[in-house]
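K.L.:
Can you look at this prediction? I've put the sequence above it.
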2 protein chains.
Amino acid sequence: MSEDDRAVARERVIESMEQSAEVYGLSRSAGRIYGVLYFSDDPLSIPELVDQTGYAKSTISNVTRTLTRIGLIHRRSSAGGGRRVRYTAEREIWFILQDVFQQYVQREIQTTLRTIQRAQAQLPDDGETETERIEELQETYEDLQEIATLASDFTAAELRDALESYDR
Amino acid sequence: MSEDDRAVARERVIESMEQSAEVYGLSRSAGRIYGVLYFSDDPLSIPELVDQTGYAKSTISNVTRTLTRIGLIHRRSSAGGGRRVRYTAEREIWFILQDVFQQYVQREIQTTLRTIQRAQAQLPDDGETETERIEELQETYEDLQEIATLASDFTAAELRDALESYDR
DNA sequence: CTGTTTGTTCGGTACACTCTGAACAAACGA
DNA sequence: TCGTTTGTTCAGAGTGTACCGAACAAACAG
């Protein structure tokens, strides 16, 4: 088993991360940068990421900013006191998914629900089609919000256990 | 309470659907078309959708195809025996979310897991960084797949109940 | 102080995606 | 049969996004 084989395996997984990134609405470069950091033993600076990914410095700078903002990677504020910024990957995938979930899904549910409630408040309960349909929507979204709120408090193991042990 | 007010409320909710569509990786037109169908009492044909949305015929044709493919709307195969195709909206939001979940998230988890497992199978258990990291990934994704599989069998009410009644 | 390294910002290019309008095929009504 | 309506397909216009290279600012080493 050579160093080469490990590199190949690593590359395959990183390519898979590139693809996942697209599914989650991020760019392919975001997937690769996260992947390189995921496998790196030490925190990496922007020039080092330029070397290992082949992307331009500006691309690394922009992508690391957004990845940091959504919590996929962390800024190690200069251990040596230098200016050099170094990044590490958040390796707890469950945390990442929870963050993404919170920032995209939960937020989406919340704003939609607010819109629905506001529209509903202006309409009388007159049994017209629009009113009825909006009411249906409201109920569904209230359920969804409840589920999302509850789920965000669970760890992966707890969630799995809760689903496995649930008796209908 | 005038017909006008109802139209305004309806329009607000449809705009919200346009936005949701973007979050789920669909076009704005998809959100509006779904919204118009959601509020319509009767199934609508493509020319009727052209009237009510203002989009070009070709746009309606293309978007209805993708919406049908992912199960957000249904093709009512010509009740009158005519050529006219008519569409209805799937109003059970929970079903829609389950479908989207199944087609995007579950699929993504599955292909990623396969890649990881294949990469892992080619590496010895030698305690090197790559091997270790890939092992971590594999465990996480196996958990995720289990959760996704379990969750796809639940109704919204069951899921909510399972989470609410779970005692850690 | 001067040259080097690091990181951010900005303008530009390449590309994908949405939507349109026109051309076309299929089914209908006269 | 011929004109009309419906639905699909295709090339192209317009738009947004990813990425790059250059210019710039900030901090360091000498």
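P.N.:
Sure thing, it's come through. Since the structure is predicted, the reported quantities are computational estimates derived from the model, not experimental observations.
K.L.:
List, one by one, the residues from chain A near DNA strand D.
P.N.:
A:26-30, A:54-59, A:62-63, A:81-83 (C-beta under 7 Å from any atom of the strand). (Glycine included, C-beta is placed from N, CA and C.)
K.L.:
show me where chain A has strands.
P.N.:
Listed in chain order, the strands of chain A (DSSP state E) span A:44-45, A:73-76, A:86-89.
K.L.:
Mind putting these into JSON lines with mean neighbour count and mean pLDDT?
P.N.:
As requested, those are exported to JSON lines (neighbours: other C-beta atoms under 10 Å in any protein chain shown; pLDDT from 0 to 100):
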{"stretch": "strand A:44-45", "mean neighbour count": "22", "mean pLDDT": "96"}
{"stretch": "strand A:73-76", "mean neighbour count": "17", "mean pLDDT": "94"}
{"stretch": "strand A:86-89", "mean neighbour count": "20", "mean pLDDT": "97"}
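K.L.:
of all those strands, which lies closest to residue B:73?
P.N.:
strand A:73-76 (39.3 Å; C-beta to C-beta).
K.L.:
Any chance you could list what contacts that closest one?
P.N.:
By C-beta atoms under 8 Å, 6 or more residues apart in numbering or on different chains, the residues outside strand A:73-76 that reach it are A:33-34, A:37, A:43, A:64, A:67-68, A:85-90.
K.L.:
and the lowest-mean-pLDDT helix or strand in chain A with chain B, contact?
P.N.:
Taking mean pLDDT, DSSP states H and E as the measure, helix A:93-100 is the helix or strand of chain A with the lowest mean score, a mean of 86. Yes. For a cut-off given as C-beta under 8 Å from any C-beta of the partner chain, helix A:93-100 has contacts with chain B, namely A:93, A:94, A:97.
K.L.:
most surrounded residue in those?
P.N.:
When neighbours are counted by other C-beta atoms under 10 Å in any protein chain shown, residue A:93 leads these with 18 neighbours.
K.L.:
hang on, that residue packs against residue B:138?
P.N.:
No. Contact criterion C-beta atoms under 8 Å: residue A:93 and residue B:138 do not qualify, at 10.9 Å.
K.L.:
What residues sit buried inside the biggest helix by length in chain A?
P.N.:
Longest helix in chain A by number of residues (criterion: DSSP state H): helix A:129-151. With burial defined by 16 or more other C-beta atoms under 10 Å in any protein chain shown, the residues of helix A:129-151 counted as buried are A:130-131, A:133-134, A:137-138, A:140-141, A:143-144, A:146-148, A:150-151.
K.L.:
And for stretch A:64-74?
P.N.:
A:64, A:67, A:70, A:72, A:73.
K.L.:
Widest-spaced pair of those?
P.N.:
Once C-beta to C-beta is applied, the buried residues of stretch A:64-74 give A:64 and A:70 as the farthest pair, at 11.3 Å.
K.L.:
Could you provide the residues of helix A:93-100 next to chain B in CSV, with additional columns for distance to DNA strand C?
P.N.:
Output for these, formatted as CSV (distance: C-beta to the nearest atom of the strand, whole Å):
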residue, distance to DNA strand C
A:93, 25
A:94, 27
A:97, 24
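K.L.:
just the helices in chain A please.
P.N.:
Under DSSP H, chain A gives helices at A:3-23, A:28-39, A:46-53, A:57-69, A:93-100, A:107-121, A:129-151, A:156-164.
K.L.:
Now do the longest one against helix B:129-151, angle only.
P.N.:
Angle, helix A:129-151 to helix B:129-151, by axes from the mean of the first three to the mean of the last three C-alpha atoms, to 10 degrees: 140 degrees.
K.L.:
could I get helix A:129-151 in CSV with only the CA atoms?
P.N.:
Below are the C-alpha coordinates for helix A:129-151, written out as CSV (Å, rounded to 0.1, in the frame of the first residue of the first chain):
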residue,chain,number,x,y,z
THR,A,129,-60.9,29.1,-1.6
GLU,A,130,-57.9,31.4,-0.9
THR,A,131,-58.6,31.5,2.8
GLU,A,132,-59.0,27.8,3.1
ARG,A,133,-55.8,27.1,1.1
ILE,A,134,-53.8,29.5,3.1
GLU,A,135,-55.1,28.0,6.3
GLU,A,136,-53.9,24.5,5.2
LEU,A,137,-50.5,26.0,4.4
GLN,A,138,-50.3,27.6,7.8
GLU,A,139,-51.0,24.4,9.6
THR,A,140,-48.4,22.5,7.7
TYR,A,141,-45.8,25.1,8.2
GLU,A,142,-46.5,25.3,11.9
ASP,A,143,-45.9,21.6,12.1
LEU,A,144,-42.7,21.9,10.1
GLN,A,145,-41.4,24.6,12.3
GLU,A,146,-42.1,22.5,15.4
ILE,A,147,-40.2,19.6,13.9
ALA,A,148,-37.3,21.7,12.8
THR,A,149,-37.0,23.3,16.3
LEU,A,150,-37.1,20.0,18.0
ALA,A,151,-34.6,18.3,15.6
